[in-house]
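J.: quick one: sequence and predicted model below, then my questions.
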Amino acid sequence: MPDQLIWAMEVTLNGLMTGVMYALVALGFVLIFKASGIFNYAQGVMALFAAMTLVGIQEGRIPFAHLINEIFGTEIHHFGWHVPALLAILLTVVVMIGFAWAVQRFIFKHLVGQEPIILFMATIGLAYFLEGVSDLMWGSEIRTLDVGLPQGINGWIDNTTFDVFGYGFFIDNLDISASIVAAILVAGLILYSQYTKNGRAMRAVADDHQAALSVGISLNYVWVLVWSLAGIVALVAGIMWGSKSGVQFSLSLIALKALPVLMLGGFTSIPGAIVGGLIIGVGEALFEFAIGPMIGGATENWFAYVLALVFLVFRPQGLFGEKIIERV
Amino acid sequence: MNEAIHPPIDPNEGYVTEDGRRIGGVVMEMKHITLRFGGVEAIKDISFDIREGEIRAIIGPNGAGKSSMLNVISGFYNPQEGEVWYKGQIRKPMKPFQVARQGIARTFQNIALFEGMSVLDNVMTGRLNHMKASFLDQGFWWGKAQREEVENREKAEQIIDFLEIQAIRKTPVGRLPYGLKKRVELARALAAEPQILLLDEPMAGMNVEEKEDMSRFILDVNDEFGTTIVLIEHDMGVVMDLSDRVVVMDYGKKIGDGTPDEVRNNQEVIDAYLGVSHD
């Protein structure tokens, strides 16, 4: 087999796994958009906030330490304990649910029935506010996140591919575990929405608000629920990206990578978010591999958007989005 | 003399109709309801009651305020004046979902189904208020959540059987023809096992055959489950055949109330329907 082809395979595999990460972020957008028509610009910052909170809890940091010290003239920073990863994750989930409740209670409850653009602006405000809160609570330093996921090159794949092709693939263990976790999360979400009371209520609200009310579904409750789920998805995305490249401000920018994924997959489709993520992940990796060297590289920065634009022109509803039918 | 066609009404007692159905005491009472949209009065000081187990119709020309009345009962509108009494208690202003949880189900004039979901799923949403599993149970699909899912599925299947829509159980609702959608909407409302069922023009836009089917289902529901039914309908023939008592509205006011025979012979009602000018 020619070397080029073998390298392309390795690039594709890595692209697929990056795609899974993109899909994870896009999934958070889809959940909220489907149920409430809100395009949640703050999804990326939620991932940052969740990851920061997780690290903070794990390391036993005192939230708002800076503020407390400033006011009371104290010098406290740590509780002096260390919280095990699993417990810390559970506590962070609780924080994210509290956040979902607060968002609904203090912002979107008062904006019911408003234009989509107003809801969108509210999420922009929310994004910057949350960023500030995150800084205030946990500080703005770069933190390393370790919840015990395996890291480094996967030896088994390296050896096996070396035996077969005479060239060992470099696949990061972290990417593999991220893919597995993402797959479980997505499967769980789909089962949850298909076969449980709350899942069915979620789908009902996504479909028709009036009808949902008439069968006794509280819109408010469902919206808190979807924001909570989006918060949990953000946490998972935050853990994966944070373990890979540290918990820092740039984590919130991955939300921008989810945009082309959404354009490709459609804003209202969970399968669309996944397939869109994979296509973008593989597409940009292969493009960088094949064309990148000829035009000076760094094509990952823009390729996804070009692909999405092409899609917008020919299929504005995305791959799996609801068909746009115009009646005259 | 009056007693032959109009049995004596004692709020605490019922009576038995000619075809042998038992009508109970008053289950809901509207007292001096007034509803305004800005300066427009959609409903003007209307009072009437609904007895347990009866089929109660609200009729009237277009724009008479019939749908508004139904929306008041189901909590979609809150009236500016007046009281709604339900099961002997005054009802404070409520959100529609809270009304639904009190056992009042409804259908819509323009059909409000979950278009993207299958018929079975639509009917299952009608069961939501009968499912009590906790957040965690549902998350892991154990214990109560699993048991409930199975029980309610059975109930939903019974309703589907009853309304003869087995053949389309798995079809997405968006693909169904109009008449069947109306029937699915009825199925979803019924699945809630409501005490009061509100039907907003259940036969609008149907052909004769579909109307006959729907009439039969309405009578069967009332007969078999003893469900109290409040319905709005344009087709006078259908209304007179189906209902025990009729409220007639015109320009937001009540102009008649009684058995179909009484209403039919009411001069004001005749005028409203023949279009005598309002001076």
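T.: The structure has been received and is ready for your questions. Keep in mind the model is a prediction, meaning the values are calculated, not measured.

J.: does A:Val222 touch A:Ala201 like I think?
T.: Yes. A:Val222 is within contact range of A:Ala201, at 5.4 Å (criterion: CB atoms under 8 Å). Where you see a C-beta, it was placed from the backbone N, CA and C, and this is true even at glycine.

J.: okay, and the common contacts of the two?
T.: Overlap between the contact sets of A:Val222 and A:Ala201, as judged by CB atoms under 8 Å, 6 or more residues apart in numbering or on different chains, is given by A:Ala212.

J.: distance of B:Gly20 from B:Gly53?
T.: Computed with CB to CB, to the nearest Å, the distance linking B:Gly20 and B:Gly53 is 12 Å.

J.: comparing those two, which residue is more hemmed in?
T.: A direct count of neighbours by other CB atoms under 10 Å in any protein chain shown for B:Gly20 and B:Gly53 places B:Gly53 higher, at 22 against 7.

J.: quick check: closest non-adjacent residue to A:Gly292.
T.: In space, A:Gly292 comes closest to A:Thr299 once its chain neighbours are excluded; the distance is 4.8 Å by CB to CB, 6 or more residues apart in numbering or on different chains.

J.: what's the answer for A:Met17, then?
T.: Using CB to CB, 6+ apart and skipping residues adjacent in sequence, the residue nearest A:Met17 is A:Asp175, 3.9 Å away.

J.: quick one: contacts for that neighbour?
T.: Taking CB under 8 Å, 6+ apart, we find A:Asp175 in contact with A:Asn14, A:Met17, A:Thr18, A:Val20.

J.: what of A:Gly276?
T.: By CB under 8 Å, 6+ apart, the residues touching A:Gly276 are A:Tyr22, A:Ala23, A:Ala26, A:Pro260, A:Val261, A:Leu262, A:Met263, A:Leu264, A:Gly265, A:Gly266, A:Gly318, A:Leu319.

J.: run the last query once more with 7 Å
T.: A:Gly276 makes contact with A:Ala26, A:Val261, A:Leu262, A:Leu264, A:Gly265, A:Leu319, according to CB atoms under 7 Å, 6 or more residues apart in numbering or on different chains.

J.: buried among these? Make that a ChimeraX selection.
T.: A single ChimeraX command is used to select the members of those judged buried by 16 or more other CB atoms under 10 Å in any protein chain shown:
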select /A:26,261,262,264,265,319
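
J.: so which of the contacts of A:Gly276 are in helices?
T.: The helices, defined by DSSP state H, take in A:Ala26, A:Val261, A:Leu262, A:Leu264, A:Gly265 from those.

J.: how about the contacts made by the spatially most central residue of chain B?
T.: When chain B is reduced to its mean C-alpha position, the closest residue under CA atoms, centre = their mean turns out to be B:Leu198, at 1.2 Å. For B:Leu198, the residues meeting the contact criterion (CB under 7 Å, 6+ apart) are B:Leu70, B:Ile73, B:Ser74, B:Ile104, B:Arg106, B:Val230.

J.: hang on, isn't the fourth one packed against B:Glu193?
T.: Yep, that's B:Ile104 we're talking about. No. The pair B:Ile104 and B:Glu193 does not pass the contact test of CB atoms under 7 Å, sitting 11.5 Å apart.

J.: neighbour count winner among the two?
T.: When neighbours are counted by other CB under 10 Å, B:Ile104 comes out ahead of the other of B:Ile104 and B:Glu193, with 25 against 17.

J.: quick revisit: could the contacts of A:Asp175 go into TSV alongside distance to A:Ala65, secondary structure and neighbour count?
T.: Formatted as TSV, the entries for these read as follows, by distance: CB to CB, whole Å; DSSP: H, G, I helix; E, B strand; the rest coil; neighbours: other CB atoms under 10 Å in any protein chain shown:
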residue	distance to A:Ala65	secondary structure	neighbour count
A:Asn14	39	helix	19
A:Met17	36	helix	22
A:Thr18	35	helix	22
A:Val20	35	helix	23
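
J.: which of these lies closest to chain B?
T.: Using CB to the nearest CB, A:Val20 comes nearest to chain B of those, at 22.5 Å.

J.: isn't the closest one right up against A:Ala178?
T.: Yes. Shown here, A:Val20 and A:Ala178 form a contact pair, counting by CB under 7 Å, at 6.3 Å.
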